[in-house]
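# got a predicted structure plus its sequence, pasted below:
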Amino acid sequence: MKKILVVVDVQIDFVSGTLGSEAAQSRIDAICKKISEFTGGRIYTTQDTHAADYLETREGTLLPVRHCVKPEAGWQIQADVAAAIGLKLEEDASVSLESVEKPTFGSEALIDKMAEYIGTDEAEVCFVGFCTDICVLSNAILAKARFFDRAEIVVDASCCAGVTEEKHLAALEVMKSCQIIINN
C-alpha cells in the first residue's frame, strides 16, 4: 500500500500573512508533528501560486486580496513546516517529497502526480493544511474521484483550518458526505 501525506498551501500568506488566521497559526505544531510521524511514503506540498496581476484575474476579482504571489515572501512554505519537511527527508530515507504549484483551488497536476506514484496499488492519502473549505476540500474531492476504487482518503481535521471555524466545520461535514474519512 502506498502512503501519501498532502500538505496543502501551508504558506506564509495563509498562516500569518494577508489571509492568515489565529486558527491556521494554531495548527502549525500539529502539522509539523504529522510530518515527523509520517514514514514510508511520499509527501506532496502544494503552493497556491499567483502572478503580480492576480487582482485582475477571475479569481482575484472574486477574492480581491493579493496573496501567494511568486516569488514574494507570502508564497513561501511556512518556516516551521519547511524545516519539519527538511528534517524528515534528512532523517528518513523511506520518505520522498514532491511539490506542486497550483494556480487555483484544486490541482489536476497534483492528482496526476499522485496517480503516477500510486500506479495500480492501493493507497492511503492524508490531507492537512489550509483552507479546509477551499483548497483542502477541492483536492480531497479530486483525489476521492480519481482513486475511489483503491484509496482511503483521509483529512486530519486537527491539522486544518478554514476561512472561519464555521466554514471549516461545514467543509468537514461535506467531505464526510463524500465518504472522505475525517480524523481528529
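On my side now, so go ahead.

# other SSEs contacting the top strand by length along the chain?
In the chain, with assignment by DSSP state E, the single longest strand is strand 151-161. When contacts are defined as 3 or more CB pairs under 8 Å, 6 or more residues apart in numbering; DSSP states H and E, strand 151-161 packs onto helix 22-37, strand 123-130, helix 137-146, helix 165-177, strand 181-183. From N, CA and C alone the C-beta is placed, and that goes for glycine too.

# of all these, which one is nearest A82?
Closest approach to A82 among these (CB to CB): helix 22-37, 9.9 Å.

# which one of the helices and strands packed on strand 151-161 lies closest to L62?
Evaluated over the helices and strands packed on strand 151-161, closeness to L62 peaks at helix 137-146, with 14.6 Å, by CB to CB.

# which outside residues touch the worst-scoring helix or strand of the chain on mean pLDDT?
The helix or strand of the chain with the lowest confidence, counting by mean pLDDT, DSSP states H and E, is helix 58-62 at a mean of 94. Contacts of helix 58-62 with the rest of the structure, by CB atoms under 8 Å, 6 or more residues apart in numbering, involve 50, 53-55, 66, 104.

# 7 Å - rerun?
54, 104 (CB atoms under 7 Å, 6 or more residues apart in numbering).

# the following helix or strand past that helix: which residues count as buried?
Downstream of helix 58-62, the first helix or strand assigned by DSSP states H and E is helix 79-91. Using 16 or more other CB atoms under 10 Å as the burial criterion, the residues of helix 79-91 that qualify are 81-82, 84-85, 88.

# re earlier: list the buried ones in the least confident helix or strand of the chain?
Neighbour-count burial for helix 58-62, with 16+ other CB under 10 Å as criterion, is recorded at G60.
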